[in-house]
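Participant: coords please:
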Amino acid sequence: MNTSIKWCILIVAACILSYTLLFNIAYSQAPEYSLQEIKPGVYLVSAGGSNSMFLVTQEGVVVVDAPPSIGDKIFAAVSNVTDMPITHLIYSHAHKDHIGSANLFENVTIIAHNETAKILNERNDTNRPVPDMNFTKEINLPIGNQVLQLIYPGPYHQQGNIFVYLPEHKVLMAVDNVVPGGLLWKHLGVTPDVPALIKSIDQITSMDFDVFVGGHGQPGTKQDILVQQEYVNDLRKNAVEALNEINRTEVIQGINGSSATTEAYFNALTQSCADKIDAKWQGKLEGVGVWTDEHCERMIISERVD
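Facilitator: Predicted structure coming up:
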């Protein structure tokens with residue numbers, strides 16, 4: 001092998017090594033979360049499909065939720081924008097996928113609805129400390145130069161789930177309520193109370209905000225929530241129509257057994273509702289055609305019993 005070829009090989013090898021080292025350094029230093037300032041002093045932290053929000057005040061930093069997927073990344077995110085200490089942690093509700101890293105917060109005041117406090121007392125989970133302060137319906141929380149409104153709209157997702165509203169910034173955080181651009185999760189976000197869910201969406205649309213933050217996904221606008229309201233109203237209308245139009249006797253003809261006949265009837269009701277929803281909403285919201293059946297079935301059950 002002549003000298004020029006050897007030098008070419010050495011140069012190429014050096015370039016590959018340098019590129020690999022630079023890539024590894026850059027990758028290792030890349031944050032494992034995203035940080036977005038949605039309003040002056042109001043930040044959204046996202047990782048692993050979950051969101052946390054924090055507000056910087058003159059007294060300190062107020063954090064809403066501590067999902068395990070974010071964990072201690074929240075501290076790095078806060079330190080990126082301020083030297084102020086974290087003084088308060090607000091629980092949106094008791095589910096561990098949103099507050100399962102709360103144990104990492106030290107010397108903070110934890111605030112939640114009293115129903116959330118009751119649940120956490122029963123769970124006895126060291127990763128989800130019981131709140132230091134709780135409330136029943138609504139509370140105005142003055143911290144530094146800011147006022148947060150914590151509002152209980154009813155159990156749209158779990159007993160004790162709250163809205164966190166920043167009136168000065170016109171920011172509303174409602175965790176596990178609706179998803180801008182997409183559908184509620186399975187079975188209407190596994191709501192225990194469909195009427196409470198519908199009422200909560202109506203309440204959101206009556207509030208004065210221009211940035212909506214959910215527990216998952218990207219932030220949205222008031223228009224995004226109006227679309228969600230239209231979808232849920234359509235869902236309810238089609239569920240009622242299915243109950244009025246589907247003839248149970250015809251559907252269960254030739255089927256034996258109470259469980260089998262009930263399943264056949266509900267399958268027919270669900271199919272009727274889902275066909276109409278899919279025809280109108282396919283391509284407009286992510287998840288249509290995936291969770292439509294579950295949404296329809298949950299709404300139909302609610303219309304029968306609620």
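Participant: Quick check on residue 88: phi, psi?
Facilitator: Dihedral pair for residue 88: phi -140, psi 140, per degrees, to the nearest 10.
Participant: For it, which non-adjacent residue is closest in space?
Facilitator: residue 62 (4.4 Å; C-beta to C-beta, 6 or more residues apart in numbering). C-beta coordinates here come from the backbone N, C-alpha and C atoms, glycine included.
Participant: Next, the one you found: secondary structure please.
Facilitator: strand (DSSP: H, G, I helix; E, B strand; the rest coil).
Participant: show me what contacts it?
Facilitator: 54, 55, 86, 87, 88, 89, 90, 143, 146, 148 (C-beta atoms under 8 Å, 6 or more residues apart in numbering).
Participant: can you check residue 155 too?
Facilitator: Applying C-beta under 8 Å, 6+ apart, the residues near residue 155 are 115, 161, 191, 192, 193, 196.
Participant: Okay, and which of the contacts of residue 62 map to strands?
Facilitator: When DSSP state E is applied, those are split such that 54, 55, 86, 87, 88, 89, 90, 143, 146, 148 fall in strands.
Participant: any chance you could map the helices in the stretch 101-250 of the chain?
Facilitator: Per DSSP state H, counting those that start in this stretch, the stretch 101-250 of the chain carries helices over the ranges 114-123, 186-190, 194-205, 222-245, 248-251.
Participant: on that earlier part again, which among the ones in strands among the contacts of residue 62 count as buried?
Facilitator: The neighbour count (16 or more other C-beta atoms under 10 Å) marks 54, 55, 86, 87, 88, 89, 90, 143, 146, 148 as buried among those.
Participant: Out of these, which comes closest to residue 271?
Facilitator: residue 90 (41.9 Å; C-beta to C-beta).
Participant: Roughly how far does that closest one sit from residue 111?
Facilitator: Here the criterion is C-beta to C-beta, to the nearest Å. By it, residue 90 lies 5 Å from residue 111.
Participant: who touches both of the two?
Facilitator: residue 150.
Participant: picking that back up, need the max-distance pair from the contacts of residue 62.
Facilitator: Largest separation among the contacts of residue 62 by C-beta to C-beta: 89 and 146, giving 15.3 Å.
Participant: tell me the domain ranges of the protein?
Facilitator: Per automatic domain parsing, the domain ranges recorded for the chain read 30-220, 235-305.
Participant: Dump those domains to CSV, plus mean pLDDT.
Facilitator: Formatted as CSV, the domains of the chain follow (pLDDT from 0 to 100):
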stretch, mean pLDDT
domain 30-220, 96
domain 235-305, 97
